[in-house]
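# The sequence and its predicted three-dimensional model are supplied below.
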Amino acid sequence: MTPVDFLLGALSVNNLLLSLLGVAAGIVIGALPGLTATMAVAVLVPFTFGMNAASGLIMLGAIYMGAIYGGSYSAILLNTPGTPSAIATTFEGYPMAKRGDGDLALTLACLVSVFGGLFGAFALLLIAPPMAQFALRFGPVEYFWFAVFGLTLIASLGEESMLKSLIGCCLGLLLAMIGLAEVGGDVRFTGGTSLLLGGIDIVAALIGLYCVPVLIDLVATPKPHLETSKHGAGFRLHDAMGVILRGKFNLMRSSVIGTIVGILPGAGGSIAAIVAYAEAKRGAKEGDGWGHGNPQGIVATESANNATVGGGLIPTLVLGIPGTPVDAVILGALLVQGIRVGPSLFSEQSSVSYVFMYGLIIATLIMLPVGLLLGRYAFKLIISIPKEVLTPAVAFMTILGSFAINNDANNVVQMVLLGGIGWVLGRFGFSVTPVVLGIILESIAESGFVQAYIIGGARGSLAGEFLGNPISMVIIGLIILSVVYATIRGRKRGSVNG
Amino acid sequence: MECHITTEAAQLPRRLRAAHRTWPHLAGAVALAAACVGWVAPATAQSKFPDHTINYIIPFAPGGESDIAARLQEPFFKKYAGVTVAIQYRTGAGGATAWAQLNNMENTGYTIMGTNLPHIVLQPMQKGSGYDTDDLQNVYWFQYTPDALIVPAASPYKTLKELVDYAKKNPAKLTVGGTGTASGNQVAQVRFDKIAGIKTTYVPFKGTGAVNTALLGHHVDASWGYTTVRLGLGDQVRCLAVAMPARHPAIPDCPTFKELGYDMIGGVYRGVAVPKTTPKDIQERLSTILGQINKDPEFIKQMEKAGFSMVDVDLAGMTAFMAKMKKELVPAAQSLGLKP
């Protein structure tokens, strides 16, 4: 078969319809905090058993792509990431919406999500086998250093004092240690009850830390939730294109970062978006309004997180190792369909995998009109609902969403408690993002360290294990650069002592 | 879904309705809302069990072995019980979060939960797991994934003998990956080390994906996994031996430990449990349904293709089976530093 045949296969009426439905459903699910892409895909897997393999995969891929983009809606309009991938989108998206540029932010998110999604999907189509080999170079040590690198980025993210960022980060690290450590088996900080055995759920933490303070502010201040747009009812495509053209390099760099981080199993869209954001900020001039609604932040985060979709499918399809939790579900669906993943998928059973990859590209293109329309609808909805209705509706959603994670009321309690903590932190000038980053990165850093320590011990050289390989040395170099940069910038602003 | 579908488009509206019906999260949320206002459904006649959707809770993340097996069972529930199942996930602490909550759930038989061995024997031996092995009323064990010792395709160890010889000469030098601490994989490592008289270093990972990455990237020398791991990774790995009585039909090139002279059979067993106070006749009915599904030739074919091995332990044989498993697992657990 030729590429034209694969393309025509992907373009069948069936597949187009499934893509359209998948993208639209994915966007809505992604936009609702608590309903994540993993769940959406898992719930729909049984419906793909009756379809042919390629169509089923295309629908799952479309939902996945849509959900990662949909997370930006609530991030921009409610300051609450709809999925963990959209954490960094709150940094600039919510301030933009506050000042009346919510429509621009949503249009921009759609355009760059489509670009990032296409970038990742083309990487999957064109260079998957060699890129998968790169993922294998990342062992426990590399993950440990990578997580440490992620922690150093906290210092360059926040606009508040570095000391406060670091305190917040430590709080996150401590919160993440609650529960049973999967690597090591220790039970920590549970107070002897089984309620905390499973630890803090990251989605419950996101909803609580980000959304509850917004809700309290809604009640406590007389101002409207968001400024209405000064620009009528248009999509503001012209403004958005201007932002993208000014940020061409940022867009490319973020898409590359998203694809690469996506390839690394266990890292995921949240980390990709944060790394892309930090790099965009570092590359820009001081005082460009970062943290106060700089649209380049959205260009970075939304292109990076959608690029992880294609990136994450690379190890999934080439090696049979899921790049993200969603990929694990897709891999399970493949297994049930009787499709053996591996390099052979790219040759022997090529019709399925190539039709799927072309289908993913088409689904991403469909996301452009669907996303623009749904985005405008979401914006109008949030703008036009009176505060008295919006606040209880969102409050109800936070409870529903945190319950839906696990069908477990414990997660609702966690969400409310963390929400209270988040609000108190905000009153004292702490940002919640370092806390969330600490929660996400702790488990990667801890298991990487423990495993590398055991392996190094068995091989008789701890120093060699931790320092003696090229990828580790590159990441350590990045860590040093990151710390030096943060120190210099801190000195310039005269706030190094916080 | 059991029908053969020719045009997906024609089926879509039906599927969407079905998706709506079986959406477990919303359904669960509505149930919570109902519970909040103190509304309780009138007790249904138990003679006609089951007459509506059964909630099937998986204590692990979607995409894993437990999830795949449940997804394969799903259409057969319709066939043998006449009702649908809504598969839900309640993850955390290697399953302990869900198992600790099982006895507080509704005891009508409409809530069933996946259980795993050796997890439910080993976890209660640690402090703070929140449940005892005997708290879980298992109604059926239906499959197991046999332990398998796996190396990358490019590994210097072509046979089990070569690996054992190296480990004998170099105690604790050989690194062997697996998922979790005090888990099924670590029990397999401890048991085999004892039988073979070797010492290897166990490296715990979070989940199959992570350990497979480390294995393919040669960050560990070998890994304790299951038949499903060998099938999932294909020719990128070599299975040195598998802990079953006879070779697995899907991987005939992998010898058993038994034929190589090591008396080792074991793996992770998966079954279904219900809250302890569920009426006995309902438990019997569930056990019968699961047994019927487990003997369906089409189901067996799908399960074996995915790397599972079938077992059939029904309610009648449950007490004896659990006693045997505990006897087998406790010595291994003690070598891991756990106390019964």
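Thanks, I have the structure now.
# only C-alpha atoms for contact and neighbour calcs from this point on.
OK.
# What residues does the stretch 151-300 of chain B have near chain A?
Counting by Cα under 8 Å from any Cα of the partner chain, the positions of the stretch 151-300 of chain B adjacent to chain A are B:172-175, B:180-182, B:201, B:203-206, B:209-210, B:212-214, B:216-217, B:219-220, B:231-234, B:236.
# Could you rerun that using 6 Å?
Where proximity means Cα under 6 Å from any Cα of the partner chain, the interface of the stretch 151-300 of chain B facing chain A comprises B:Lys173, B:Gly180, B:Thr181, B:Val203, B:Pro204, B:Gly209, B:Thr213, B:Ala214, B:Gly217, B:His219, B:Leu233.
# how many neighbours does A:Ala395 have?
As a burial measure, A:Ala395 scores 15 neighbours (other Cα atoms under 10 Å in any protein chain shown).
# Leaving out chain neighbours, which residue sits closest to it?
A:Leu215 (7.1 Å; Cα to Cα, 6 or more residues apart in numbering or on different chains).
# From B:Leu240, how far out is B:Leu163?
9 Å (Cα to Cα, to the nearest Å).
# should've said A:Val256
Here the distance between A:Val256 and B:Leu240 works out to 39 Å (Cα to Cα).
# Check A:Ile455 too.
Counting by Cα to Cα, the gap from A:Ile455 to B:Leu240 is 22 Å.
# Low-confidence ranges, the stretch 151-300 of chain A, go.
Filtered on pLDDT under 70, the stretch 151-300 of chain A yields the residue ranges A:155, A:158-160, A:231-233, A:286-287.
# and residue 120, what element?
The chain I'm using is chain A. Mapping A:Gly120 onto the secondary structure by DSSP states H and E places it in helix A:102-137.
# I was after chain B.
If you go by DSSP H and E, B:Ile120 is part of helix B:119-122.
# is chain A contacted by that helix?
No - when contact is scored as Cα under 6 Å from any Cα, no part of helix B:119-122 falls within range of chain A; the minimum is 11.3 Å.
# Which residues does that helix contact?
For helix B:119-122, the surrounding residues in contact (Cα atoms under 6 Å, 6 or more residues apart in numbering or on different chains) are B:Thr133.
# Quick one: distance of it to the chain centre.
If you compare the mean C-alpha spot of helix B:119-122 with that of the full chain, they lie 12 Å apart, counting by Cα atoms, centre = their mean, to the nearest Å.
# Quick check: mean pLDDT of that helix?
With pLDDT averaged residue by residue, helix B:119-122 scores 92.
# quick one on the thing from earlier: from the residues of the stretch 151-300 of chain B next to chain A, which ones fall inside strands?
B:Val203, B:Pro204 (DSSP state E).
# Find the residue closest to whatever residue of the stretch 251-400 of chain A ends up closest to chain B in space, skipping its chain neighbours.
Of the stretch 251-400 of chain A, the residue with the smallest distance to chain B, taken as Cα to the nearest Cα, is A:Val329 at 4.1 Å. In space, not counting the residues next to it along the chain, A:Val329 is nearest to B:Gly63; the distance is 4.1 Å by Cα to Cα, 6+ apart.
# Provide a list of residues in contact with that neighbour.
A:Ala328, A:Val329, A:Gly332.
# Assign the nearest residue to the last one once chain neighbours are set aside to helix, strand or coil.
By that I understand A:Gly332. Beyond its immediate neighbours in the sequence, the residue positioned closest to A:Gly332 (Cα to Cα, 6+ apart) is B:Gly63, lying 4.9 Å away. When the structure is reduced to helix, strand and coil (DSSP: H, G, I helix; E, B strand; the rest coil), B:Gly63 reads as coil.
# For the stretch 1-150 of chain B, which segments count as helices?
Per DSSP state H, counting those that start in this stretch, the stretch 1-150 of chain B carries helices over the ranges B:8-21, B:24-36, B:65-81, B:96-101, B:119-122.
# can you give me the helices in the stretch 201-340 of chain B?
Under DSSP H, counting those that start in this stretch, the stretch 201-340 of chain B gives helices at B:207-216, B:227-233, B:280-294, B:297-305, B:318-335.
# I'd like those helices as TSV, with mean pLDDT appended.
Written out in TSV, the entries for the helices of the stretch 201-340 of chain B read as follows (pLDDT from 0 to 100):
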stretch	mean pLDDT
helix B:207-216	90
helix B:227-233	88
helix B:280-294	95
helix B:297-305	91
helix B:318-335	90
